[in-house]
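Colleague: Fold the following and give me the result.
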Amino acid sequence: MPARDSVADDLLGQARAAVERGDAVAATDLVARAFAADPSDPHVRDLYVGLHLARAIRLAATAREARRADIARRAIPYDTEFRDSPNVEAAFEEALRAHDDLLGADPGNEKVLVMKAALLFRRDREKGRAEALEILQRIQEVHPENRQVAYAIKKVERPCPRCGDTGFCPYCAGRGTKTFVRVERRCERCHGQGICPVCGIL
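Modeller: A predicted model of the protein is given here:
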């Protein structure tokens with residue numbers, strides 16, 4: 001059995017203590033340093049993946065929210081082709097980097113792979129569809145019993161009839177809000193997220 005790295009052990013202990021006191025930022029930084037010191041330690045890797053998974057999910061949600069806010073701010077009509085603003089593009093890139101960091105630590109992590117496929121598809125359906133399908137089909141080859149993956153493949157392969165395959169909520173035009181008698185309210189169909197309630201949840 002290989003000797004444990006004392007530096008990684010110490011950092012892992014500090015990271016766990018930070019988790020216990022609810023300091024996710026410090027815990028994430030500490031476990032990243034522990035992972036850099038000893039990436040082969042399974043205890044370090046498990047905590048690294050767990051903490052960075054939460055960060056990747058948060059960044060993906062931030063990117064989606066940045067796009068929703070941008071659509072509302074720019075008053076982009078529903079059926080109009082548009083390009084994301086630089087800050088939205090940067091948000092999606094940061095989220096993708098977070099997923100790639102996770103896959104660097106745990107290349108076969110199905111959850112992260114499915115999340116990355118969904119993020120690629122959400123960022124740009126036209127350009128991301130092929131790459132998302134490649135990731136999902138690779139998982140399906142190894143785990144044909146995974147129903148979630150089979151369902152996701154169908155969602156990516158088939159253009160969505162509800163939203164015209166835009167991925168945006170057709171009821172609020174991707175804004176997340178509806179205006180009625182000059183009062184702006186959260187869209188009940190997409191729960192204020194601005195994504196298609198049929199295919200956008202991928």
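
Colleague: what packs against the least confident helix or strand in the chain by mean pLDDT?
Modeller: One helix or strand of the chain scores below all others by mean pLDDT, DSSP states H and E: strand 177-180, with a mean of 88. The contact analysis (3 or more CB pairs under 8 Å, 6 or more residues apart in numbering; DSSP states H and E) places strand 177-180 against strand 183-186. For the C-beta atoms, the positions are set from N, CA and C on the backbone; glycine is no exception.

Colleague: pull the CA atoms of the strand it packs on into PDB?
Modeller: C-alpha atoms of strand 183-186 as PDB (Å, rounded to 0.1, in the frame of the first residue of the first chain):
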ATOM      1  CA  VAL A 183     -47.400  44.100 -13.500                       C
ATOM      2  CA  GLU A 184     -44.400  41.800 -14.100                       C
ATOM      3  CA  ARG A 185     -44.700  38.400 -12.600                       C
ATOM      4  CA  ARG A 186     -42.600  35.200 -12.700                       C
END
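
Colleague: Show residues contacting that strand.
Modeller: Residues outside strand 183-186 that contact it (CB atoms under 8 Å, 6 or more residues apart in numbering) are Gly176, Thr177, Lys178, Thr179, Gly192.

Colleague: For the residue positioned nearest the centre of the chain, I want the exact helix or strand it lies within.
Modeller: Relative to the mean C-alpha position of the chain, the nearest C-alpha, by CA atoms, centre = their mean, is the one of Ala60, at 3.7 Å. Element membership for Ala60 (DSSP states H and E) is helix 42-74.

Colleague: what's the answer for Arg33, then?
Modeller: helix 24-37.

Colleague: about what we covered before: tell me the spacing between the residue nearest to the residue nearest to the centre of the chain when sequence neighbours are not counted and Leu103.
Modeller: In this structure, Ala60 finds its nearest non-sequential neighbour in Ala95, 4.6 Å apart by CB to CB, 6 or more residues apart in numbering. With distances taken as CB to CB, to the nearest Å, Ala95 is found 13 Å from Leu103.
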